[in-house]
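**Q** Following is a predicted model, sequence given first.
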Amino acid sequence: MLPSPDLADWQATEIAWHNNEIVPREVAAPSIASHSLHLGIGVFDGMMAYRNEEHYYVHEIEAHLERLHHGSHQMQLPFHWSIEELKAGIDALLAEVPPATYYIRPIVYRSAPQINVTGSKAIPVDVTIFGVRVPRDNEKSLACQISPYQRISSRAVPVSWKICGSYVNSYLVRLAAEAQGFNDGIMLDQEGRIAEASAANLFLLKHEALVTPKLTSDIFPGITRKVLLRLAQNLGIETIEREIFPEELSHFEGAFLASTLMEMKPLHQIGHFQYKSSNHLLFRRLLQAFQEITHQ
């Protein structure tokens with residue numbers, strides 16, 4: 001078994017921005033009888049607030065908050081705070097917590113003690129933002145299995161809205177991987193195509209090209225994925241988005257996962273295929289370009 005992460009490095013901030021106020025974190029907790037808790041009816045997002053010397057750089061803040069706004073309204077969890085007000089809330093929170101690099105988690109939910117689905121529109125909507133202090137490590141490589149769990153279909157639950165309940169899929173993928181001694185699992189879609197990891201997009205390296213699964217409605221359109229494709233094009237690196245099947249994994253020289261929280265994590269294994277990703281030239285070039293952005 002692989003060692004578990006030090007949970008002391010992943011503690012949430014003791015305070016939170018909650019409905020336009022800075023409060024003790026647990027004041028924002030939903031009722032044990034809330035339908036958001038029982039049914040997973042909530043929408044969240046996550047962004048990195050990088051502490052660089054004496055200031056913060058919050059990466060792609062507007063894109064993350066716009067996605068939160070879109071998903072919440074699609075789920076009929078409307079809130080009236082604007083993007084600018086949410087940005088101000090993040091600034092207020094960061095001003096009150098110890099200086100560090102944080103993963104910022106905004107979440108939209110209904111906290112009232114009412115478990116029914118019918119009539120839920122009458123229940124007030126809460127918005128809370130807290131932070132989690134996280135370590136930064138882009139050098140440690142990971143091992144993935146091909147997951148026994150399939151990627152949930154967007155025809156069942158839209159995968160691009162970051163709905164709380166849909167992440168049971170990711171939870172089961174990660175649990176299964178860790179039980180077999182892996183860090184994560186790579187999910188396939190209903191057609192047997194490679195989709196993504198439990199909570200990260202997959203990139204593969206072949207010669208001078210960066211290859212990633214073509215977006216379908218069943219693949220999460222990650223903001224970090226979009227940033228990396230743009231960086232690759234700016235660096236003159238060929239980018240290929242196409243269908244990829246597990247039997248093709250032997251054709252690649254390297255692989256990495258990309259997400260807001262992971263940033264870029266090199267892979268040394270997918271199933272029984274081995275890679276030397278950490279020192280691959282394309283990975284090093286992209287990592288350097290990404291870090292130049294996040295260290296502003």
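**A** The structure has been received and is ready for your questions.
**Q** What segments of the stretch 1-150 of the chain are strands?
**A** Listed in chain order, the strands of the stretch 1-150 of the chain (DSSP state E, counting those that start in this stretch) span 15-18, 21-24, 42-44, 47-52, 55-58, 102-109, 126-133, 142-146.
**Q** In a markdown table: the ones you listed, plus distance to I186 and mean pLDDT.
**A** Backbone N, C-alpha and C define where each C-beta goes, glycine included. A markdown table is the format used below for the strands of the stretch 1-150 of the chain (distance: least, Cβ to Cβ, whole Å; pLDDT from 0 to 100):
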| stretch | distance to I186 | mean pLDDT |
| --- | --- | --- |
| strand 15-18 | 34 | 97 |
| strand 21-24 | 40 | 96 |
| strand 42-44 | 23 | 97 |
| strand 47-52 | 23 | 94 |
| strand 55-58 | 30 | 94 |
| strand 102-109 | 23 | 97 |
| strand 126-133 | 25 | 97 |
| strand 142-146 | 5 | 98 |
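**Q** Among these, which comes closest to K226?
**A** strand 47-52 (13.7 Å; Cβ to Cβ).
**Q** and that closest one with strand 126-133, angle?
**A** Using axes from the mean of the first three to the mean of the last three Cα atoms, to 10 degrees, the direction of strand 47-52 lies 40 degrees away from that of strand 126-133.
**Q** Would you confirm that T239 contacts L210?
**A** Yes - taking contacts as Cβ atoms under 8 Å, T239 lies within contact range of L210: 5.1 Å.
**Q** Which of the two has more residues huddled nearby?
**A** Taking neighbours as other Cβ atoms under 10 Å, T239 and L210 compare with L210 leading, 25 against 15.
**Q** Backbone dihedrals for that one, please?
**A** Per-residue torsions, L210: phi -110, psi 120 (degrees, to the nearest 10).
**Q** is it in a bridge, and if so with what?
**A** L205, T239 (DSSP bridges).
**Q** Report the contact partners of it.
**A** Taking Cβ atoms under 8 Å, 6 or more residues apart in numbering, we find L210 in contact with F203, L204, L228, L229, A232, I237, E238, T239, I240, L282, L286.
**Q** Adding mean neighbour count, write the strands of the stretch 1-150 of the chain out as JSON lines.
**A** Shown next, in JSON lines, are these (neighbours: other Cβ atoms under 10 Å):
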{"stretch": "strand 15-18", "mean neighbour count": "24"}
{"stretch": "strand 21-24", "mean neighbour count": "13"}
{"stretch": "strand 42-44", "mean neighbour count": "23"}
{"stretch": "strand 47-52", "mean neighbour count": "18"}
{"stretch": "strand 55-58", "mean neighbour count": "16"}
{"stretch": "strand 102-109", "mean neighbour count": "22"}
{"stretch": "strand 126-133", "mean neighbour count": "21"}
{"stretch": "strand 142-146", "mean neighbour count": "21"}
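**Q** Kindly state which of these is positioned closest to K265.
**A** For those, the distance to K265 is smallest for strand 142-146, at 5.3 Å, taking Cβ to Cβ.
**Q** In terms of secondary structure, what does that closest one contact?
**A** Contacts defined by 3 or more Cβ pairs under 8 Å, 6 or more residues apart in numbering; DSSP states H and E place strand 142-146 against helix 168-179, strand 184-188, strand 263-270.
**Q** To V58, which of these lies closest?
**A** Nearest of the helices and strands packed on strand 142-146 (Cβ to Cβ): strand 263-270, 14.3 Å.
**Q** coming back round to it: ranking the helices and strands packed on strand 142-146 by burial, who's on top?
**A** strand 184-188 (a mean of 25; mean count of other Cβ atoms under 10 Å).
**Q** Give me the residues contacting the next helix or strand after that one.
**A** Next in sequence after strand 184-188, counting helices and strands by DSSP states H and E, comes strand 194-197. Contacting residues not belonging to strand 194-197 are listed as 144, 151, 173, 184-189, 202, 213, 216, 218-220, 244-246, 257 [Cβ under 8 Å, 6+ apart].
**Q** Please identify every residue contacting each of T239 and L210.
**A** Counting by Cβ under 8 Å, 6+ apart, the residues touching both T239 and L210 are L229, A232.
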